[in-house]
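# Need the 3D shape of this:
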Amino acid sequence: MKPAIEWQQSCATAENEQFAADLHVALARTPKAISPKYFYDETGSRLFEQICELPEYYPTRTELALLEAHAADMVEQFGPGVQLVEYGAGALRKVRLLLDAMPHDEVQFVPVDISGSHLLAASDALVADYPRLSIQPLVADFTRPHTLPPWPEGCRRVGFFPGSSIGNFTPEEADTFLRLAADELAGGGLLIGIDLVKDEATLHAAYNDAEGVTAAFNLNLLEHARRVLGAEFPQDGFEHLAFYNPAHCRIEMHLRATRPLALQVGGEIYAFGEGETLHTEHSHKYTVEGFQAMAVRAGFKPGKVWTDVNGWFAVLWLESEGGEYSPRGKAGPTRACGS
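I've put the predicted structure just below:
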């Protein structure tokens, strides 16, 4: 493959218009809730990278250790000649461990992320370190319709979705993504990281760090709205709230109003009572067996599994034989942690 890099940037104006539309819907519903994808402007992406370095935040270091120990075995599942698509690519840190185990002239890398400036900066750094690698960054929301570059002749398309980011989806959204991926990756497969069910104390600490970085990350969602949409609200009007919801096997993050207040955006005013929240994220925790069952329903065939000694995190290989994607396909069980 010839080394190359192609910048595919979406219009910032269109992104902000979509943010505004989604924020209006989020604030008008009861209870108030918005997609966590709007965390990831440039500031939010930088804060998340800081979260990944925190001592309380076990997922990143645990998954990195698995990738470092088993990259060669994982890459062996891909086979020779690969178009490697990373969903929600971020800083492109973890994929380097896979790339180091692959011949670069047999790989085309397509990182996909919604944060354009962050993705392009990370891709520039990757180009410098991997000059023989063909890289085609795609600035897009991979949960919405998107078009990937055609894969080179003789290659398989393989997806990489680390970080247990799928845990941020509802069970229905996770099912929809897996069905889309099974079709998009037909003839290849998906390497995916999942956070496993564990004791509540460990989970609570991971989302309520002592330095307050996770709180800043959560609060930045509304600051993002202030910066790009002109949203108006009291500077100290909201606080970070994160807790484990055992009924749904998930951590929930909210922005909680510290007093009765009004949030104004785009000429609309939305009232918050004291203690009322805007639900900003949930992070589902799984069992390996429960997640594999979800993947099978979406059209994947379970393959190898790599887990740490504590049983806190797992990386799964899922083969895709392909099939027609239907967004109306039935979702899996609402209890994401499985049986």
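
# Where do the strands of the stretch 151-300 of the chain begin and end?
Counting by DSSP state E, counting those that start in this stretch, one finds strands in the stretch 151-300 of the chain at the ranges 156-161, 189-195, 238-245, 250-257, 261-265, 268-272, 277-284, 300-307.

# which stretch among those comes nearest His24?
For the strands of the stretch 151-300 of the chain, the distance to His24 is smallest for strand 268-272, at 6.3 Å, taking CB to CB. (Glycine included, C-beta is placed from N, CA and C.)

# How far off centre is the closest one?
29 Å (CA atoms, centre = their mean, to the nearest Å).

# tell me what it is packed against?
Where contact means 3 or more CB pairs under 8 Å, 6 or more residues apart in numbering; DSSP states H and E, strand 268-272 is packed against helix 12-28, strand 261-265.

# at 10 Å what do you get?
Secondary-structure packing of strand 268-272 (3 or more CB pairs under 10 Å, 6 or more residues apart in numbering; DSSP states H and E): helix 12-28, strand 250-257, strand 261-265.

# Tell me which of the ones you listed sits nearest to Asp183.
Closest approach to Asp183 among the helices and strands packed on strand 268-272 (CB to CB): helix 12-28, 24.0 Å.

# So for that closest one, what gets flagged as buried?
Burial within helix 12-28, assessed by neighbour count using 16 or more other CB atoms under 10 Å, is assigned to 15, 19-20, 23, 26-27.

# Could you do stretch 34-53 as well?
Across stretch 34-53, burial judged by 16+ other CB under 10 Å covers 34-41, 43-45, 47-49, 51-52.

# Average pLDDT for that stretch, rounded please.
Mean pLDDT, stretch 34-53: 92.

# how far out from the middle of the chain is it?
Here the centre of stretch 34-53 is set off from its chain's centre by 10 Å, with CA atoms, centre = their mean.

# Ends of that stretch, what's the gap?
One end of stretch 34-53 sits 26 Å from the other (CA to CA, to the nearest Å).

# Stretch 196-205 too?
Taking CA to CA, the first and last residues of stretch 196-205 lie 15 Å apart.

# Can you list the buried residues in that stretch?
Residues of stretch 196-205 classed as buried: 196-198, 203 (neighbour count, 16+ other CB under 10 Å).

# Please apply the same query to stretch 114-125.
By neighbour count on 16+ other CB under 10 Å, the buried set for stretch 114-125 is 114-116, 118-120, 122-123.

# now stretch 302-317
The neighbour-count check on stretch 302-317 (16+ other CB under 10 Å) flags 302, 306-308, 312-317 as buried.

# what pLDDT, on average, does it get?
Here the average pLDDT along stretch 302-317 is 98.

# Distance from the chain centre to that stretch, please.
Using CA atoms, centre = their mean, the offset of stretch 302-317 from its chain centre is 18 Å.

# and the end-to-end length of it?
Criterion CA to CA; first-to-last residue distance in stretch 302-317 is 7 Å.

# Same check on stretch 226-241?
20 Å.

# Point out where the stretch 1-150 of the chain drops to low pLDDT.
Counting by pLDDT under 70, the stretch 1-150 of the chain shows low-confidence ranges at 1-12.

# close enough to count as contact, His24 and Val265?
Yes. His24 lies in contact with Val265 (CB atoms under 10 Å); the separation is 7.2 Å.

# and for the two, which residues touch both?
Common neighbours of His24 and Val265, counting by CB atoms under 10 Å, 6 or more residues apart in numbering, are Leu229.

# related to what we said a few turns ago, which one of the buried residues of stretch 114-125 is nearest to His279?
Proximity of the buried residues of stretch 114-125 to His279 (CB to CB) peaks at Ile114, which lies at 19.3 Å.

# and the closest one, what is it in contact with?
10, 15, 37-41, 45, 88-89, 139-144.

# Tell me, how many residues neighbour the closest residue to it other than its chain neighbours?
The shortest distance from Ile114 to any residue other than its chain neighbours is 5.0 Å, reached at Asp141 (CB to CB, 6 or more residues apart in numbering). Using other CB atoms under 10 Å, Asp141 has 16 neighbouring residues.

# helix, strand or coil for Asp141?
Assigned state for Asp141: coil (three-state reduction, DSSP: H, G, I helix; E, B strand; the rest coil).

# Quick check: it touching Gln18?
Yes. Here Asp141 reaches Gln18: they are 8.3 Å apart, a contact under CB under 10 Å.
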